[in-house]
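1. Turn this into a structure:
(one chain, ligands or ions: 1)
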Amino acid sequence: MMKIANISKSFKSGSNNKVILQNVNLNISNGTWCTIMGPSGSGKSTLLNCISGLLKPNEGKIHINDININELYENSLSEFRRNNIGFVFQDFKLLPYYSVLDNVILPLVQDRSKTELVTRARKLLVEVGIEEDLYNRLPKDLSGGEKQRVAIARALIAEPNLLLCDEPTGNLDSDTRNQIINLLLSLKQNGQTIILVTHDEEVAKYSDNIYQLINGKLLHKELIK
Ligand SMILES: Nc1ncnc2c1ncn2[C@@H]1O[C@H](COP(=O)(O)OP(=O)(O)OP(=O)(O)O)[C@@H](O)[C@H]1O
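-> Residues are numbered from 1 along each chain as shown. From the prediction side, this is the model:
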């Protein structure tokens with residue numbers, strides 16, 4: 001279970017304080033897919049960054065399976081993030097000079113044996129539909145859909161409790177987008193908890209819950225008239 005309780009976040013801009021999130025509350029059950037929508041600049045990425053511990057909220061608490069991540073010190077927080085949270089970015093963020101296989105194992109290469117990681121990476125790459133002849137390729141020689149699937153495999157290397165996806169289909173054509181949706185649905189079927197940010201209703205409609213972030217408030221879609 002993930003619980004966000006009364007999160008507020010503002011950024012200083014000159015002498016102004018720009019409020020982005022205002023008393024945001026959200027509970028997400030394990031094994032469900034929650035989508036966050038909202039206008040550009042409404043704070044969707046800011047919210048994901050708070051959930052992942054990359055940003056510290058000004059107020060409020062974030063519990064991931066009973067751990068209050070805001071109470072963790074820097075080193076413990078980094079370790080918690082590496083082991084519990086997978087992050088998928090719109091622009092993939094694959095390292096250009098590393099092969100597909102090395103990109104997937106990279107997040108944990110300091111912590112675990114390489115043999116164990118390579119075995120898991122190969123299994124994940126099969127799950128996300130990446131053929132073996134691509135394992136030694138560099139990201140520049142992959143299609144957009146292949147890059148995103150490799151990025152999803154990398155995000156899953158630590159078997160995270162939580163998969164956070166920031167516009168994971170934003171740069172993809174509709175066929176490739178549908179492949180990513182099917183992949184997310186099969187991950188969810190295997191118990192993965194997913195929080196996804198998107199502008200795309202076609203992606204959102206597959207989730208269990210949809211929220212809109214508007215003027216710093218998070219509203220369940222059913223409550224929006
Ligand atoms: N580190 C920062 N310092 C100051 N302002 C910031 C910072 N990060 C984000 N912002 C501002 O916070 C607001 C929300 O940004 P955010 O990226 O969370 O929006 P978003 O809803 O994800 O937008 P988009 O849909 O365009 O990606 C924006 O006005 C942005 O300029």
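2. Where does residue 182 sit, in terms of helix or strand?
-> helix 174-189 (DSSP states H and E).
3. Okay, now the sheet partners of whichever helix or strand comes after that helix, with direction.
-> Note on helix 174-189: by DSSP H and E, the next helix or strand toward the C-terminus is strand 193-197. In the sheet, strand 193-197 lines up against strand 33-37 (parallel), strand 162-166 (parallel) (DSSP bridges).
4. any weak-confidence spans in this structure?
-> 223-225 (pLDDT under 70).
5. Show me which residues of it are close to the ligand?
-> Within the chain, the positions adjacent to the ligand are 11, 20, 38, 40, 41, 42, 43, 44, 45, 46 by C-beta under 6 Å from any ligand atom. From N, CA and C alone the C-beta is placed, and that goes for glycine too.
6. Count the residues that sit near residue 115.
-> For residue 115, the count of nearby residues is 8 (other C-beta atoms under 10 Å).
7. Am I right that it falls within a helix?
-> Yes. Under DSSP: H, G, I helix; E, B strand; the rest coil, residue 115 sits within a helix.
8. how about residue 14, phi and psi?
-> phi 60, psi -130 (degrees, to the nearest 10).
9. for residue 94, that is, sorry about that
-> According to degrees, to the nearest 10, residue 94 has phi -80, psi 150.
10. Skipping adjacent residues, who's closest to it in space?
-> residue 139 (4.1 Å; C-beta to C-beta, 6 or more residues apart in numbering).
11. Could you check how far residue 71 is from the ligand?
-> 22 Å (C-beta to the nearest ligand atom, to the nearest Å).
12. Would you mind measuring from that residue to residue 61?
-> 8 Å (C-beta to C-beta, to the nearest Å).
13. which of these two has more neighbours?
-> residue 61 (14 against 11).
14. That one in helix, strand or coil?
-> With three-state DSSP as the criterion, residue 61 reads strand.
15. So it versus the ligand, what's the distance?
-> 20 Å.
16. Report the secondary structure state of the closest residue to that residue other than its chain neighbours.
-> What sits nearest to residue 61 in space, not counting adjacent residues and going by C-beta to C-beta, 6+ apart, is residue 5, at 4.8 Å. Secondary structure for residue 5, judged by three-state DSSP, is strand.
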